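Chemist: structure for the following, please:
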Amino acid sequence: MGNRKNKKMKIVYNLIGVLMLSLSLGCMAQEFKNPIDVKLGDPYVLKTAQGKYYMYGTGGVKNGFKCYSSTDLVNWKDEGVIYTNKQEKAWGISAFWAPEVYEKDNNFYLFYSAQWKENPTNELENFKIGVAVSKSPTGPFIDVSGKPIFNPDYPIIDGNVFFENNKVYLYYSRCCYKHPVESEVATWAKEKGWYKEIEESWVYGVELKKDFSGIIGEPVLLLKPPVKQNKETEWESRSVTSHEANRRWTEGSTLLKNNATYYMTYSANNFDGENYAVGYATSKNPLGPFTKSVNNPILQKKGDVTGTGHNSITWSPDGKEMLCVYHGRTKESGHQRVVFIDRMHFDDSGNLIVNGPTTNLQKYPSK
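Modeler: Below you'll find the predicted structure:
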C-alpha cells in the first residue's frame, strides 16, 4: 500500500516538474533582445485596425520598398516588395527613403521620399515627397498621381502625417543641400579651417488637402539646429565638432499627442555616422511653435550600439505600452542598419523617456 502511495506521489511530483519546466520555457519564449531580425533604416510601424503590425523602411530593395508583418512586434515575416518605380505612375528614379503607411477609409497610403525625375537644372539632390495607394498594407502600391504632392524650391525628405479634427498635417525635412546657415559652430569650424560653411536641414509642417493631392497654405518652420552652442544643444552639432561633415541635420520627425501637448521627436547629426541621435520638442499646436526639451537627446549611442535614430512610435498589442522603433548599428551588423524596439513613456512631469538602446533580454510587448 505504501509503495503504491509513493508511486502516485512520484507521478504527481513529476507532473508538477514538467508543468513548471513548461511554464519556465514559455516565459523564456516570451523574451527578446535587440536588434530584432529586420535590416532596414528609417523603420516605420503601422498597427492596423485589425491589430496586425506592418513595418516599412529604407533598404532591402532597389528603387522601391518592402514590408514585414507581425502579430507581436518581435517575430516578423518578410512580405516582399510592396512598391517599385516600375509602376506606371512612378515619378521617382532613385533615393527611395523613409516610407510611412497610413490606414484611411479602407485604403492604405504610402508616403515616401525619392529623387524626382523632373530635374532641369541637374540638382544632385532633387528629393520630393509623394504618396501611393493600395487596398492592402502589403501592396502593390500605385502612385496617386505621376508627381510629388507639392514642389517647394528646395529638396525635401522624411514625410510624416498627423490626423486631427478632420485635418491632415504633413511634416518634412528641408535637406541640407545648398542651404548654408550662420551659427556659432559654423564660425568655429571656419576658424579651425575645417569647413567654409555649414549646411543645415530644417523641419517644416503644413496642412494637407484631405485627398493628399496638395497642401493648404504655406509651410511653417518648426525646428532647426541651434544658433548658439551650450550644454543642452551641443549634441545636435556632433557631426561638425567631430570633423565628420559640414552639415547639421534636423530630420526624421514624428508627431504624437499626449493630453493637450504635441510632442515631435526628431533626429540630428549624420544618419550615416555614429552620432545620429533623437530628441524631442513640444507645442500646444500642431504647427507650433515648438520648444526643444532640455533633456535631449533621449536616444543616443551606448555601448556597442551607435547611429540610433529616425524613430517611429507604436503601441503594444493591448495598447498599454508605447514603443520606440528605430534603427542603429552594432559591431555584428557593421555598417548595416538594423531595427531596435524599446519601451518609451511619459514621466510624471510630462517628459518623454526612451528606455534604450538596449541589447539585453526583455519581455515581449504586453498582450
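Chemist: now the strands: where do they sit in the stretch 201-350 of the chain?
Modeler: Using DSSP state E, counting those that start in this stretch, the strands of the stretch 201-350 of the chain run over 202-208, 215-223, 247-248, 250-258, 261-268, 277-283, 291-292, 306-315, 322-329, 338-346.
Chemist: wait, the stretch 51-200 of the chain
Modeler: Counting by DSSP E, counting those that start in this stretch, the strands of the stretch 51-200 of the chain are 53-58, 64-70, 77-84, 92-104, 107-116, 127-134, 142-143, 156-164, 167-174, 199-200.
Chemist: and the ones you listed: which comes nearest residue 312?
Modeler: strand 92-104 (7.3 Å; CB to CB). To be clear about C-beta, it is placed using only N, CA and C from the backbone, and glycine gets the same treatment.
Chemist: buried ones in that closest one?
Modeler: 92, 95-102 (16 or more other CB atoms under 10 Å).
Chemist: likewise stretch 348-362?
Modeler: Buried-residue list, stretch 348-362, by 16+ other CB under 10 Å: 352, 354, 356-359, 362.
Chemist: picking up where we left off before, tabulate the strands of the stretch 201-350 of the chain (CSV), appending mean pLDDT and distance to residue 63.
Modeler: Below are those laid out as CSV (pLDDT from 0 to 100; distance: least, CB to CB, whole Å):
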stretch, mean pLDDT, distance to residue 63
strand 202-208, 98, 25
strand 215-223, 98, 26
strand 247-248, 98, 25
strand 250-258, 98, 21
strand 261-268, 98, 24
strand 277-283, 98, 28
strand 291-292, 98, 36
strand 306-315, 98, 20
strand 322-329, 98, 20
strand 338-346, 98, 21
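Chemist: same list (the buried residues of strand 92-104) but as TSV, adding distance to residue 296 and pLDDT.
Modeler: Shown next, in TSV, are the buried residues of strand 92-104 (distance: CB to CB, whole Å; pLDDT from 0 to 100):
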residue	distance to residue 296	pLDDT
92	33	98
95	28	98
96	29	98
97	24	98
98	21	98
99	26	98
100	23	98
101	28	98
102	27	98
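Chemist: turn these into CSV, columns for distance to residue 120.
Modeler: Formatted as CSV, these follow (distance: CB to CB, whole Å):
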residue, distance to residue 120
92, 16
95, 18
96, 22
97, 23
98, 25
99, 27
100, 29
101, 31
102, 32
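Chemist: quick one: contacts for the closest residue to residue 243 other than its chain neighbours?
Modeler: Leaving aside its sequence neighbours, residue 243 sits nearest to residue 194 (CB to CB, 6 or more residues apart in numbering; 5.8 Å). Residue 194 makes contact with 240, 243, 246 under the criterion CB atoms under 8 Å, 6 or more residues apart in numbering.
Chemist: now those: which count as buried?
Modeler: Of the contacts of residue 194, these count as buried by 16+ other CB under 10 Å: 240, 246.
Chemist: from the contacts of residue 194, pick the one nearest residue 290.
Modeler: Closest to residue 290, out of all of the contacts of residue 194 and judged by CB to CB, is residue 240, at 22.5 Å.
Chemist: list the contacts of that closest one.
Modeler: Applying CB under 8 Å, 6+ apart, the residues near residue 240 are 185-186, 189, 194-195, 198, 246-248.
Chemist: look up how far residue 249 lies from it.
Modeler: 10 Å (CB to CB, to the nearest Å).
Chemist: can you check residue 131 too?
Modeler: Using CB to CB, residue 131 is found at 24 Å from residue 249.
Chemist: same check, this time on residue 256
Modeler: Distance from residue 256 to residue 249, by CB to CB: 21 Å.
Chemist: of those two, which one has the most company?
Modeler: Legend: neighbour count by other CB atoms under 10 Å for residue 256 and residue 249, higher for residue 249 (25 against 15).
Chemist: show me what contacts the closest residue in space to the more buried one that isn't next to it in sequence?
Modeler: Leaving aside its chain neighbours, residue 249 sits nearest to residue 201 (4.9 Å; criterion: CB to CB, 6+ apart). Contact partners of residue 201, counting by CB under 8 Å, 6+ apart, are 173-176, 179, 247-251.
Chemist: change it to 10 Å
Modeler: The contact partners of residue 201, by CB atoms under 10 Å, 6 or more residues apart in numbering, come to 154-158, 173-177, 179, 181, 223-225, 247-252, 268.
Chemist: filter the residues you listed to the buried ones?
Modeler: Of the contacts of residue 201, these count as buried by 16+ other CB under 10 Å: 154-158, 173-176, 179, 181, 223-225, 247-252, 268.
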